[in-house]
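Novice: With the input below, show me the fold.
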Amino acid sequence: MTDFYEYSIPELVRLLGSRFKEYRMRCNLTQKEVAQQSGIGLTTIHKFENGTAGNLSLSTFLLLLKVVGQIDALDDVLPVLPESPYLIRGEKKAQRIRHTK
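Specialist: Predicted coordinates:
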């Protein structure tokens, strides 16, 4: 299993771009088709896949996940957590956590 903590953020973006390219190719899609379906520029997709994109917005990444049918993978990234007794105070659920000095 990969230890993602060992990677810098630019390295992680390059890794995601490389993986996205594999998903795109398995879906038998060209970069141009992905651009048309997502509304994202062809240059952005090219740079992302080749690891030269300096930064990619979360919304852009989510659009790309939808095109290759992987949007459901978000449940693996941030699964829904069960209710925490720590956050329930009386009848109200805590909206924020405050630390005392």
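
Novice: can you give me the strands in the chain?
Specialist: 88-89, 92-93 (DSSP state E).

Novice: In this protein, where is pLDDT below threshold?
Specialist: 89-97 (pLDDT under 70).

Novice: Go ahead and name everything in contact with the lengthiest helix in the chain.
Specialist: Counting residues, the longest helix in the chain under DSSP state H turns out to be helix 9-26. With contacts defined as Cβ atoms under 8 Å, 6 or more residues apart in numbering, helix 9-26 is touched by 4, 7, 31, 34, 48-51, 53-56, 61, 64, 67-68, 70. For the C-beta atoms, the positions are set from N, CA and C on the backbone; glycine is no exception.

Novice: ok, now with 10 Å
Specialist: With Cβ atoms under 10 Å, 6 or more residues apart in numbering as the test, helix 9-26 has contacts from 2, 4, 7-8, 29-31, 33-34, 45-56, 61, 64-65, 67-70, 73.

Novice: Using PDB, write down the CA coordinates of that helix.
Specialist: C-alpha atoms of helix 9-26 as PDB (Å, rounded to 0.1, in the frame of the first residue of the first chain):
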ATOM      1  CA  ILE A   9       1.500  18.000  -2.800                       C
ATOM      2  CA  PRO A  10       2.900  18.500  -6.400                       C
ATOM      3  CA  GLU A  11       3.900  14.800  -6.400                       C
ATOM      4  CA  LEU A  12       0.400  13.800  -5.400                       C
ATOM      5  CA  VAL A  13      -1.100  16.000  -8.100                       C
ATOM      6  CA  ARG A  14       1.200  14.300 -10.700                       C
ATOM      7  CA  LEU A  15       0.200  10.800  -9.300                       C
ATOM      8  CA  LEU A  16      -3.500  11.700  -9.600                       C
ATOM      9  CA  GLY A  17      -3.000  13.000 -13.100                       C
ATOM     10  CA  SER A  18      -1.300   9.800 -14.200                       C
ATOM     11  CA  ARG A  19      -4.000   7.700 -12.600                       C
ATOM     12  CA  PHE A  20      -6.700   9.800 -14.200                       C
ATOM     13  CA  LYS A  21      -5.100   9.200 -17.600                       C
ATOM     14  CA  GLU A  22      -5.300   5.400 -17.100                       C
ATOM     15  CA  TYR A  23      -9.000   5.700 -16.200                       C
ATOM     16  CA  ARG A  24      -9.700   7.900 -19.200                       C
ATOM     17  CA  MET A  25      -8.000   5.500 -21.500                       C
ATOM     18  CA  ARG A  26      -9.900   2.500 -20.000                       C
END
